[in-house]
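Asker: after the sequence you'll find the predicted model.
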Amino acid sequence: MKTKPVSNTSKKMIAGALTLLLALSYSCQAMADDTNDNSMSDEYHRDGLGLDIGTLGAGLDYVHAFWPGWHVRLGFDALSLNENQDSSGTIYNGNLNLSTIHTLIDWYPMGTGLRLTAGLVLNNNTISLSAVPDGSNSNGNYTDYTLNGNTYTSNQIGGINATVGFQKLAPYFGVGYGNPLAAHGRLGMTADLGVLYQGNANENLTVTCAPGLNAGTCGQIQSDAAAQRSADQSNLSRFGFYPVLSVSLYYLF
């Protein structure tokens, strides 16, 4: 399914992601200028509750040392982005909803701030898009939709809804820097870089025919919608590996 407003929306989302990555890079540099002492002498007498922000959104994190050089982290992240646009007689609504709950194990193999991380994530990330006529088609304001290479207008299609989801239980692997439980005082900072394996994306694409459309054209639209879904499934395979970059600030107790 190809439409001009969707392309504009994608550009805005990409620009937002780049802005976020630049902000994270600046935060990591600031952290490097004020690195904590990563001695493990006191970390087993305290826990940490942290705020984190990154490519999975913003959330809370709890960290606890259960063995020398080993920490467990429990937490969640969420982010919701919405965009609405009325163009050429069609109302577009796009939603990006990120929602994850994680259980991670950190290993500090050299007794420093460098660590390896692995764990499982309950993954509720979804992307949805809808397109419906705004009632102005009588004025000749028609939108072109492309399904399986064939073009239809909004006087032939009554609405399009697409939702993309991923596997619910996703493994995570990454590296990081910073041992928050070994920080002096009550505050500690960390940075993480890794990948979340979401598996094959699953798209649910529904296309409705406009009222009064002849049965032959409606049948062709439904056939093209099914073929478009199959093509989209192949294109969405690139999102199976989701990059994770985040920084966290912990309060220790």
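Answerer: Happy to help now that I have it. Residues are numbered from 1 along each chain as shown.
Asker: where do the strands sit along the stretch 1-150 of the chain?
Answerer: 47-54, 57-67, 70-87, 90-107, 114-123, 126-133, 144-147, 150-153 (DSSP state E, counting those that start in this stretch).
Asker: those strands: which one's closest to G185?
Answerer: strand 47-54 (12.0 Å; C-beta to C-beta). Using the backbone N, CA and C atoms, a C-beta is placed for each residue, glycine as well.
Asker: closest to V247 out of the strands of the stretch 1-150 of the chain?
Answerer: That would be strand 47-54 among those, by C-beta to C-beta, at 6.5 Å.
Asker: which outside residues touch the closest one?
Answerer: For strand 47-54, the external contacting residues (C-beta atoms under 8 Å, 6 or more residues apart in numbering) are 20, 24, 58-64, 75, 77, 180-181, 188, 190, 192, 244-253.
Asker: next, the angle from that strand to strand 70-87.
Answerer: With axes from the mean of the first three to the mean of the last three C-alpha atoms, to 10 degrees defining the directions, strand 47-54 sits at 30 degrees from strand 70-87.
Asker: can you list the strands that strand 47-54 pairs with?
Answerer: When pairing is defined by DSSP bridges, strand 47-54 lines up against strand 57-67 (antiparallel), strand 241-252 (antiparallel).
Asker: which one of the ones you listed is the most hemmed in?
Answerer: Scoring the strands paired with strand 47-54 by mean neighbour count under mean count of other C-beta atoms under 10 Å gives strand 241-252 as the most buried, with a mean of 19.
Asker: and the contacts of that one?
Answerer: So strand 241-252 is contacted by 21, 24, 27-28, 31, 46-56, 61, 63, 77, 125, 172, 174, 178, 180-181, 183, 185-198 (C-beta under 8 Å, 6+ apart).
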